[in-house]
Structures are given as C-alpha cells and as structure tokens.
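could you work out the structure for the sequence below:
(chains A, B, C and D)
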There are 2 protein chains.
Amino acid sequence: MLRDKTKTVLDETLAGNGLRMTRQRQLVYEVLMAETTHPTADDVHRQVRKKMPSVSLATVYNCLETLVECGLIRQVNRDRDSSRFCGNLNEHAHFHCNACGSVHDIDLSENTLAELAPKQATGFQVKQFEINFRGVCPQCQKKHPL
Amino acid sequence: MLRDKTKTVLDETLAGNGLRMTRQRQLVYEVLMAETTHPTADDVHRQVRKKMPSVSLATVYNCLETLVECGLIRQVNRDRDSSRFCGNLNEHAHFHCNACGSVHDIDLSENTLAELAPKQATGFQVKQFEINFRGVCPQCQKKHPL
DNA sequence: CTAGGTGCAAAAGGTTTGCGGTTAA
DNA sequence: TTAACCGCAAACCTTTTGCACCTAG
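A predicted model of the protein is given here:
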C-alpha cells in the first residue's frame, strides 16, 4: 500500500509536469522515500542496481535532477562534497556531522520559519531558504567523548 | 591605516596558527576585505594578478583554504557552482539571486540566533550554522518586473 | 508512432596534488 | 638554515553531455 501510494504521488507529479513515468525514476524515487540517510547519487545508483542492474549512473543523475525539479525530493550540499538527496519534504534543517560526514534532519518549529521570514524584507524577494548546522552527531560524541 | 590594521589581523592570526605571512596570502586577504561581492577563486585570482602577475590559481586556492581554516574568511557555496568567499565575519545569512547568481549578505538579528540555537538540543552538538535564502535580488526585480 | 528517456563513453568544470625551486622566520 | 610555501602542470572527482537506441503514452 505504501508502495502504491508512493507510486501514485510520483506518477501524478510527473504527469502534472508533462513528464513520463519510467521504471528508473520509480526506483530512484523509492530509494529516496525509504532512506533517511541522505544518500549520494552513487549510493542511490548502488541501491537501484539491486533491482535493475543495467541502470547507469548518468541516468540516476538525470532522474534525481528531474525529481528535484518536480519538488519531490531535496538536494543537500555540504561544501563541495558529493550532493546528497533527501526525500523528507517537511520544512526542516540539516545537521552535518564534522566527524563522520552523516547528515540528519532537524525539525524546525513553525515559529522559526515565521521568525526568519521578515528578515528578508529589505527588497529581496525570498522564494526559499535552507538552514544547515554543523557539529558532532550523538554517535560520534560517544566515540570521542571530548 | 585600514590596510595596516588588516595586515596586523592577518599577521597575528597566521602566526597564532604557526603559519607564515606571505605576499600571496596578504593580497588574497586584502581582496576579500575590500570586496562585498563574494568573489570566486577565479575572481580573486584576477584581482590579485593586478598587483602580482605571477601568482597562480592553485596558490590562490591554497591561500583561500588557509584563510578559511584560520577563520579569517567564510566559504559560501550554492549547489555545485564555484565556491565563493566572504570577508564579512559578522553572523549573517546569504541571499542567492536565482536570476543573476549574485550573493548578498543579510544581517541577522541577535534574536534569530537565539531562536535557532535551542532547535538543536536533541543530542546534537552544534558548532556553527548557516542560513541561505534564494530568490530574486532587487536589481533583477526591476529588470524583470513580473 | 514519436517525443522523451536511457545507457554509454567521453568531456567539462572546479579543485587538488606532486614536485622542484623559492622564501619567511 | 630549513620547514613552509609557491608555480606549474597534470590528476582528480563529481556531474553533464552527445548520440544512437529504446519505450511510454
């Protein structure tokens, strides 16, 4: 059922943008929906290959780009590391661990968003924003109890 | 005088990190202090060449990396475009114009920072954060009065 | 049927690196 | 004096692109 619902969302969104549903896009999307680890294009490629060994990395890049453009997933960058992708569409920030490189979703209260919005008033037309935290994640804190 | 003060800050910070003062680092730093346009490494290279034609792009990259590591400048990324660099060390956000690609500093009130800080409490040790806005800058709004 | 999508391999673009020569402290 | 730094060119890595073939609608 969940699978079906996911497929419907993808299907309708693609159709709404005049794009086709393909097995490659479906598989890429399913990986993103199932993962909370913010995989890179390469990670996604490895996952998708399990179900469709012939898929190429270039196609995965293309599918990811399409999904980002449709607003079905988010692209998450940390400096110039490989881009990562995120299927969580709720407004949230990203926490990047300096020790292990992992990325975690951090929920933001509605308040935070309301607080931030007015900050742009000075002539800039803000369409979106992103917030990134950096530091040490709970697991790495245990490993290196500074 | 401003020049001298700038030089002192650079000098002392480098010394404090066991690093040498070189003419290349000084020139790179001066460019960043003088610019508010968030130049790329290539932009900086062009500027520095005016005073020292022999400087290489690789050296500019190295100098920028050193300055970032010393905390004297900030690195600003937008997706996978060329990195840009920022000499403004006040806590501020960056606004990226979707139309012309320009980057602008947006001051954040102390309040915003205080508001954001608690959001991480759930076990994450936050050391820094960044906020990026995207939209259309005032100039581009005039050109394309949607 | 046919426009849009895929796979492949090659190219692009930004950044880093290895190395011999140079220089700040 | 000598470890750190520089300039050069080549390497690197992620991402994009051109093209012939394939396929969803």
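
now for A:Gly16, how many residues are close by?
The number of residues packed near A:Gly16 is 9, by other CB atoms under 10 Å in any protein chain shown. (Each C-beta comes from the backbone N, C-alpha and C, glycine too.)

end to end on stretch A:66-83, go ahead and measure it.
Using CA to CA, to the nearest Å, the end-to-end distance of stretch A:66-83 comes to 15 Å.

ok, the one helix or strand A:His104 maps to near chain B or not?
Per DSSP states H and E: A:His104 is located in strand A:103-107. Yes: with CB under 8 Å from any CB of the partner chain as the criterion, chain B is reached by strand A:103-107 at A:104, A:106.

can you point out the buried residues in that strand?
By neighbour count on 16 or more other CB atoms under 10 Å in any protein chain shown, the buried set for strand A:103-107 is A:103-104, A:106.

and for stretch A:62-82?
Within stretch A:62-82, the residues scored as buried using 16+ other CB under 10 Å are A:63-64, A:66-67, A:70, A:72-78.

for stretch A:27-41, same thing?
If you call a residue buried by 16+ other CB under 10 Å, then stretch A:27-41 has these buried ones: A:27-33, A:35, A:38-41.

how about those residues in CSV, adding secondary structure and pLDDT?
Shown next, in CSV, are these (DSSP: H, G, I helix; E, B strand; the rest coil; pLDDT from 0 to 100):
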residue, secondary structure, pLDDT
A:Leu27, helix, 98
A:Val28, helix, 98
A:Tyr29, helix, 98
A:Glu30, helix, 97
A:Val31, helix, 98
A:Leu32, helix, 98
A:Met33, helix, 97
A:Glu35, coil, 95
A:His38, coil, 98
A:Pro39, coil, 98
A:Thr40, strand, 98
A:Ala41, helix, 98
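
farthest pair within these?
The span of those, defined through CB to CB, is set by A:Leu27 and A:His38 at 17.8 Å.

sorry, back to before: now distance to DNA strand C and pLDDT too, for the buried residues of strand A:103-107, in CSV please.
As requested, those are exported to CSV (distance: CB to the nearest atom of the strand, whole Å; pLDDT from 0 to 100):
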residue, distance to DNA strand C, pLDDT
A:Val103, 19, 96
A:His104, 24, 95
A:Ile106, 26, 90
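
nearest to DNA strand D, of the residues you listed?
A:Val103 (13.4 Å; CB to the nearest atom of the strand).

backbone dihedrals for the closest residue to the closest one other than its chain neighbours, both of them.
Once flanking residues are discounted, A:Val103 sits nearest to A:His38: 4.1 Å by CB to CB, 6 or more residues apart in numbering or on different chains. Per-residue torsions, A:His38: phi 50, psi 70 (degrees, to the nearest 10).

wait, A:His38 touches A:His96, no?
No: A:His38 is not in contact with A:His96 according to CB atoms under 8 Å; the separation is 9.5 Å.

residues contacting the residue nearest to A:Arg84 when sequence neighbours are not counted?
Excluding its sequence neighbours, the residue lying closest to A:Arg84 (CB to CB, 6+ apart) is A:His38, at 4.1 Å. By CB atoms under 8 Å, 6 or more residues apart in numbering or on different chains, the contact list for A:His38 reads A:76, A:84-86, A:94, A:102-103.

circling back to that earlier point, what about DNA strand D: which of the buried residues of stretch A:27-41 touch it?
When those are checked against DNA strand D using CB under 7 Å from any atom of the strand, the ones in range are A:40-41.

returning to what we had before: from the contacts of A:His38, pick the one nearest A:Ser56.
A:Phe85 (17.1 Å).

sorry, back to before: which of the buried residues of stretch A:62-82 fall within strands?
A:74-76 (DSSP state E).

quick one, which of the contacts of A:His38 are buried?
By neighbour count, with 16+ other CB under 10 Å, the contacts of A:His38 hold A:76, A:84-86, A:94, A:103 as buried.

briefly note if the lengthiest strand in chain A comes near chain B.
Of all segments of type strand in chain A, defined using DSSP E, the longest is strand A:125-136. Yes: interface with chain B: strand A:125-136 contributes A:125-136 (CB under 8 Å from any CB).
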